[in-house]
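task: produce atomic coordinates for the following.
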Amino acid sequence: MKTHSLALFLVAAVCALLSGCVSMPKDQVRASSSAVFNSDDLRVWRLTVETQKTEKFRVRGAHFELWGQTAPAEAGSRNRCLADVWVVGSQIIYAEHNYIKMIGQACGGTVTYTREVAKDDKLNSVVHVSLPEAPVIHQLNRPLVIGTWWDENIWLTVGPAVYERKAEPDGPANRSQPIHSETKQTSPVTGSSR
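Numbering: from 1, shown residues only. Sure, this is the predicted structure:
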């Protein structure tokens, strides 16, 4: 009887581990990405942030910030809070101009960032998400590089440290400026600006 119970316990533990149901320590975050669409002039990624309890997060580049908060995965779910962050990179060639635009969206907030680049620059060399598809376990309150925009890091910070500016390094060494960058909070239901 004991070996039967032990075998059932091991099978249940393996199934929970493979399905991602094993809770992580309170001081950690699980983050992953998946490429949703990939072409020469348009790339779309979905980043998933998972915490044990509701936590604030910030995605920050040198010229933009995107804030959000994880929420319970489903009604009655304990020890599993999730949030999705969408990152879109697009290339627009108009007349003699070549623009790369990045759009980030999370929890009803949206940021856009546009930069004119050299005529021969390609989207895949400018916008890159380096967070792997397999979940990465990382400490809360410590910034994690999740990608790059041009030569600038994009950071994810989860936990109370999102309110501390010293949590992430200062931006790029070249202090380049975007052509256009905007942040607006939109209603998740209507899509209208607040």
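
and the longest strand along the chain, how far out from the chain middle?
If you go by DSSP state E, the chain has its longest strand at strand 81-94. Taking the mean of its C-alpha atoms, strand 81-94 sits 10 Å from the chain's own mean (Cα atoms, centre = their mean, to the nearest Å).

repeat for stretch 85-103
Counting by Cα atoms, centre = their mean, stretch 85-103 comes out at 19 Å from the chain centroid.

that one: which residues count as buried?
For stretch 85-103, the neighbour count (16 or more other Cβ atoms under 10 Å) marks 85, 87, 88, 89, 90, 91, 98, 99, 100, 101, 102 as buried. Where you see a C-beta, it was placed from the backbone N, CA and C, and this is true even at glycine.

what pairs with residue 51 across the strands?
Beta bridges link residue 51 to residue 29, residue 81 when assigned by DSSP bridges.

measure it to residue 119 for me?
Computed as Cβ to Cβ, to the nearest Å, the residue 51 to residue 119 distance reads 43 Å.

who's more crowded, those two?
A direct count of neighbours by other Cβ atoms under 10 Å for residue 51 and residue 119 places residue 51 higher, at 26 against 9.

show me where this protein has its helices.
Ranges of helices in the chain, per DSSP state H, are 2-19, 123-126.

ok, of those, where does mean pLDDT dip lowest?
Of all the helices of the chain, mean pLDDT reaches its minimum on helix 2-19 (a mean of 45).

related to what we said a few turns ago, what is the mean pLDDT for the longest strand of the chain?
Mean predicted lDDT for strand 81-94 stands at 93.

next: stretch 160-177.
55.

going forward, begin numbering at 882 instead of 1
Let's use 882 as the start, then, which means that last one is stretch 1041-1058.

so where do the strands sit in this structure?
Assigned by DSSP E, the strands in the chain fall at 909-919, 923-932, 937-941, 946-950, 952-953, 962-975, 978-987, 990-998, 1008-1010, 1017-1020, 1025-1030, 1033-1039, 1061-1066.

endpoints of stretch 917-933, how far apart?
Taking Cα to Cα, to the nearest Å, stretch 917-933 runs 26 Å from one end to the other.

on that earlier part again, reformat the strands of the chain as TSV; add distance to residue 1045.
Below are these laid out as TSV (distance: least, Cβ to Cβ, whole Å):
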stretch	distance to residue 1045
strand 909-919	16
strand 923-932	18
strand 937-941	10
strand 946-950	13
strand 952-953	23
strand 962-975	20
strand 978-987	19
strand 990-998	20
strand 1008-1010	25
strand 1017-1020	14
strand 1025-1030	15
strand 1033-1039	9
strand 1061-1066	19
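
of those strands, which shows the lowest average pLDDT?
Taking the mean pLDDT of the strands of the chain, strand 1061-1066 comes last: a mean of 42.
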